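Peer 1: got a sequence here, can you build the structure:
(one chain, ligands or ions: 1)
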Amino acid sequence: MIKYIETNKIFHLQTKNNSYIMIILPSNHLGSLYFGSKVDENTDYENLVLSNKIEVGSQVIYDSIDKSFNLNTSFLELSTFGKGDFREPMCHFRLNDGSRITDFKYKSHKVLARKPSFKGLPEVRAENAETLVITMFDEVNKLTINLYYSVLIDEDIIVRRAVIINDSTNEVMIEKALSMNLDINNKDYCLTTFDGAWIKERQLNTQTINPGIIKIDSKKGVSSSDHNPFIILNTTKTTEETGDCYGFSLVYSGSFEAVVERNPFSMIRVQMGINSFDFFWQLNPNEEFITPEVCLTFSNQGYNKLSQSFHNLINKHIIKPDYLEKERPVLFNNWEATMFDFNQRKLLKLAKKAKNLGIELFVLDDGWFGKRNDDNSSLGDWFVNKKKLPLGINKLAQKINNLGMDFGIWVEPEMVNQDSLLYQEHPDWAIKHPSFNPSLGRNQLILDLSKQEVVDYLYDVLAKLFRENNIKYCKWDMNRNFSDLYSSGFDAKNQGKLIHCYYLGLYKLLERLTNDFPNILFESCASGGNRFDLGMLYYMPQIWTSDNTDAHSRYLIQSGTYFGYSQSVMGNHVSDIPSAQVIRKTPLETRFNISAFGLLGYELDITHLTPYETKVIKKQISYYKANRKLLQFGKLYQLNNPFKSNNFELIVMSEDKSKAILGTFQTLQEPSMAYDVYKLPMLDKNKTYKITKREQYFNLDMFGHLIKHALPIKLNSKGLLFHLLKNRYLFKNEEDTQIVKGDVLVNNGFIPKQRFIGTGYNENIRLMGDFGSRLYLIEEIEL
Ligand code: GLA
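Peer 2: This next block holds a predicted model:
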């Protein structure tokens, strides 16, 4: 609902649970009034206004008519520089006469029944969302900023963006054009961000908002694994299930900034948008500049409610509608199995085994094209390497199809190696400066997608590949950050446009390809999660979460990612041990259990599996398939914060609460640990549930010399017999099936079998061990 209350000059936007309220101030600036739990539309709005009744010391008085009014202590929806607001501005301009003063005031507004679509950028798909457009005008400079607010009622999301229009007859240089500005009153808010690096993406990080400016950003040309373009403001008391928090997520994949500022009056300003560092954009008369969208939500029921609002947004309004609740295949990817060292025979051997395990899609990763045998060459040469695959992709795909699996392929179209035919032919297509030797990342350069001819070329080459071969899946990789920013396509004044124009080019390419090849499932990747954002998800409905497949690292990475993104878009693979990223050994069952909360794949040399591993993996895949809908699309709750504890629990639940899967993970086995009780407040207290532990197996290797206590026969743990046995024997761990009333689970919790405490082991003891885990299926039963 969007309501304008003329008497108070108030805009009231309501979602199912929230209200977002603005006011046109007496000065005609647009004020932020309230964003939080729903208030009645007939409320007494005057009680929401925080205004001065007297002049505030040491402020610039906006206008001598009202000495109590200054911009610096006003809560604003749009802020610029020059008239006394000393906080970070949302937009900043260099005008024709060299001045930088702008002052935008309310001019008009309209309420649209539908959400307008601005072609060219990814955007929230919500045609039927009512949208408020407030036109703000700078009378002196003849500049307009239209502020857009779309209301997604059921998802509790407000979508904001700004569009700048030059109504003057002069050019103006935009130096900063963020998508939103929101000023809220401080209630001891903290800032939570999702930071990291390669193989350590989206690690939760909470900091106090002290006076000053906190900025997280990416200057890398990708949204980056350093900081995700998604932030939360929470209080010190917010928990998974209780307390207030705000979430902000940017629909964009390039360099971004998110700014949180606390001024001396403890007002909190939040901003998000395209990074203003190294950005400038000349706007000619009558031209407009469209900023990317930011999605805002508020939850008074803790982080899970906030995350679920974003999960619903992604599933229903970001990814292509064709993929709405469309179950994704269990895939095999050959990268960690072979790297560049493969041929058709080897691939087919892997494929046969994959089929035997129950895998549905075979993905051929890097190394199939040009003369690529390592990462020094051939990016750009998207034709098959006949030495490795003499019969071509087409025949390989056919053979894999004949085995009963779909075929998928890896590409990295945005890149070029200097050692490639493409680069020899078009050295000017790479992003570099004519006078600098370009710096490389993974031995490669980035193609200049701000040039239409490059975009067209890539379309043709990829469309040919997709047309000529039976490809059902494409992993779209991107493995370096931007440097040497310069494009021959722009004059000196406009070089600051490069990265944004690159994205306009990339988005155009992805729009065309994904529309023309609707039967190909695209998975975005950027050295794992270096570009994990709503922008990429608009085109490709899933993303390779991280190159780190170690189970322990994964539960941290996945936990951080679940805060802003649904498991339905997260690629999770089981790989071999020791993990290539951290040289750690974790149980095969745990590698599966954590991967199961998302889109499952296997990425290891399955031709060398032991009989134990083969049998265990088959059981894992059939369990996953039987519960796939729930695991991929169930409502996800995190029960605790693994960044702060030795354990991690999460649950996915069906909408009607009749079915759920609980996952419990532990880092280290400690002596004399606490008794576990998992409180499950999300379940229905009026139902009765049957809880069944997934059948899981130990590898005897875990016990070493202790095996003599666990098995009836005496074995030398260093001997050949033990070696043979451990590769074959499925040692089932405890069975745990219980019937429990919903009110017990909701109020007290689920009590699993007693832990191993060092005094002995039997089938009633839950031995987790280091990096141990369990899955429990929870189903409603009629008594
Ligand atoms: C990146 C990806 C990996 C793999 C390699 C291939 O690192 O993240 O999954 O595809 O490239 O070179």
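
Peer 1: which ones are touching residue 443?
Peer 2: 375, 376, 377, 417 (Cβ atoms under 8 Å, 6 or more residues apart in numbering). In short, each C-beta sits where N, CA and C put it, glycine included.

Peer 1: so which bits of this structure are right by the ligand?
Peer 2: The chain comes close to the ligand at residues 335, 365, 366, 410, 477, 479, 525, 527, 528, 544, 547, as judged by Cβ under 6 Å from any ligand atom.

Peer 1: now do 8 Å
Peer 2: Residues of the chain that fall close to the ligand, judged by Cβ under 8 Å from any ligand atom: 333, 335, 339-340, 365-367, 375, 410, 412, 442, 475, 477, 479, 525-528, 544, 547.

Peer 1: ok, and what's touching the lowest-mean-pLDDT helix or strand in the chain?
Peer 2: When each helix and strand of the chain is scored by mean pLDDT, DSSP states H and E, helix 707-710 comes last, with a mean of 79. For helix 707-710, contacts defined as Cβ under 8 Å, 6+ apart pick out 700, 703, 714, 715, 717, 722, 731, 760, 761.

Peer 1: quick one: which of these has the most company?
Peer 2: Neighbour counts for those (other Cβ atoms under 10 Å) peak at residue 700, which has 23 neighbours.

Peer 1: ignoring the adjacent residues along the chain, who's closest to that residue?
Peer 2: Spatial nearest neighbour of residue 700, chain neighbours left out: residue 726 (3.9 Å); criterion: Cβ to Cβ, 6 or more residues apart in numbering.

Peer 1: quick one, what contacts that neighbour?
Peer 2: By Cβ under 8 Å, 6+ apart, residue 726 lies in contact with 612, 699, 700, 701.

Peer 1: again, 7 Å this time
Peer 2: 699, 700, 701 (Cβ atoms under 7 Å, 6 or more residues apart in numbering).

Peer 1: now residue 90
Peer 2: Neighbouring residues of residue 90 by Cβ under 7 Å, 6+ apart: 78, 79, 80, 178, 181, 271.

Peer 1: in strands, which of the contacts of helix 707-710 fall?
Peer 2: Under the assignment DSSP state E, the contacts of helix 707-710 contribute residue 731 to strands.

Peer 1: residue 557 sits in which helix or strand?
Peer 2: In this assignment (DSSP states H and E), residue 557 forms part of helix 551-564.

Peer 1: in terms of secondary structure, what does that helix contact?
Peer 2: The contact analysis (3 or more Cβ pairs under 7 Å, 6 or more residues apart in numbering; DSSP states H and E) places helix 551-564 against strand 189-197, strand 200-208, helix 302-313, strand 570-575, helix 588-595, strand 635-638.

Peer 1: so what strands line up beside the helix or strand following the third one?
Peer 2: It refers to helix 302-313. Sequence order places strand 331-333 as the next helix or strand after helix 302-313, per DSSP H and E. Using DSSP bridges, the strands paired with strand 331-333 are strand 361-364 (parallel), strand 599-603 (parallel).

Peer 1: between the ones you listed, which gets nearest to residue 187?
Peer 2: Nearest of those to residue 187, taken as Cβ to Cβ: strand 599-603 at 37.8 Å.

Peer 1: ok, back up a step: give me whichever of the helices and strands packed on helix 551-564 is most buried.
Peer 2: Per residue and on average, the most neighbours among these fall to helix 588-595, with a mean of 26 (mean count of other Cβ atoms under 10 Å).

Peer 1: next, format the helices and strands packed on helix 551-564 as a markdown table and append distance to residue 149 and mean pLDDT.
Peer 2: Output for the helices and strands packed on helix 551-564, formatted as a markdown table (distance: least, Cβ to Cβ, whole Å; pLDDT from 0 to 100):
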| stretch | distance to residue 149 | mean pLDDT |
| --- | --- | --- |
| strand 189-197 | 22 | 98 |
| strand 200-208 | 28 | 98 |
| helix 302-313 | 15 | 98 |
| strand 570-575 | 30 | 98 |
| helix 588-595 | 38 | 98 |
| strand 635-638 | 27 | 98 |
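
Peer 1: still on that earlier bit, now, the contacts of residue 90 that are in strands?
Peer 2: Among these, the residues falling in strands (DSSP E) are 178, 181, 271.

Peer 1: with pLDDT and neighbour count added, can I get those in JSON lines?
Peer 2: As requested, the ones in strands among the contacts of residue 90 are exported to JSON lines (pLDDT from 0 to 100; neighbours: other Cβ atoms under 10 Å):
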{"residue": "178", "pLDDT": "98", "neighbour count": "27"}
{"residue": "181", "pLDDT": "98", "neighbour count": "27"}
{"residue": "271", "pLDDT": "98", "neighbour count": "26"}
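
Peer 1: in the stretch 201-350 of the chain, which residue sits nearest the ligand?
Peer 2: residue 335 (4.6 Å; Cβ to the nearest ligand atom).

Peer 1: nearest residue to that residue in space, please, no chain neighbours.
Peer 2: Using Cβ to Cβ, 6+ apart and skipping residues adjacent in sequence, the residue nearest residue 335 is residue 365, 3.9 Å away.

Peer 1: right, and residue 206 touches residue 194 too?
Peer 2: No - Residue 206 lies out of contact with residue 194 (Cβ atoms under 7 Å); the separation is 10.6 Å.

Peer 1: assign the residue of the chain at minimum distance from the ligand to helix, strand or coil.
Peer 2: Closest residue of the chain to the ligand, Cβ to the nearest ligand atom: residue 366 (3.4 Å). Look at residue 366: counting by DSSP: H, G, I helix; E, B strand; the rest coil, its state is coil.

Peer 1: mind checking which of the residues of the chain next to the ligand are in strands?
Peer 2: Using DSSP E, those in strands are 333, 410, 475, 544.

Peer 1: make a markdown table out of those and add neighbour count and pLDDT.
Peer 2: What follows is those, written out as a markdown table (neighbours: other Cβ atoms under 10 Å; pLDDT from 0 to 100):
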| residue | neighbour count | pLDDT |
| --- | --- | --- |
| 333 | 26 | 98 |
| 410 | 21 | 98 |
| 475 | 25 | 98 |
| 544 | 24 | 98 |
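
Peer 1: which of those residues sit farthest apart?
Peer 2: Using Cβ to Cβ, the pair of those lying farthest apart is 410 and 544, separated by 10.2 Å.

Peer 1: what sits in contact with each of the two?
Peer 2: Contact criterion Cβ under 7 Å, 6+ apart; residues shared by residue 410 and residue 544: residue 475.

Peer 1: returning to what we had before: which of the contacts of residue 90 sit farthest apart?
Peer 2: Using Cβ to Cβ, the contacts of residue 90 span at most 12.1 Å, a distance reached by 80 and 271.

Peer 1: about what we covered before: can you give me the buried ones in the least confident helix or strand of the chain?
Peer 2: Going by neighbour count (16 or more other Cβ atoms under 10 Å), the buried part of helix 707-710 is 707, 710.

Peer 1: chain center to it: distance?
Peer 2: Distance of helix 707-710 from its chain centroid, counting by Cα atoms, centre = their mean, to the nearest Å, is 45 Å.
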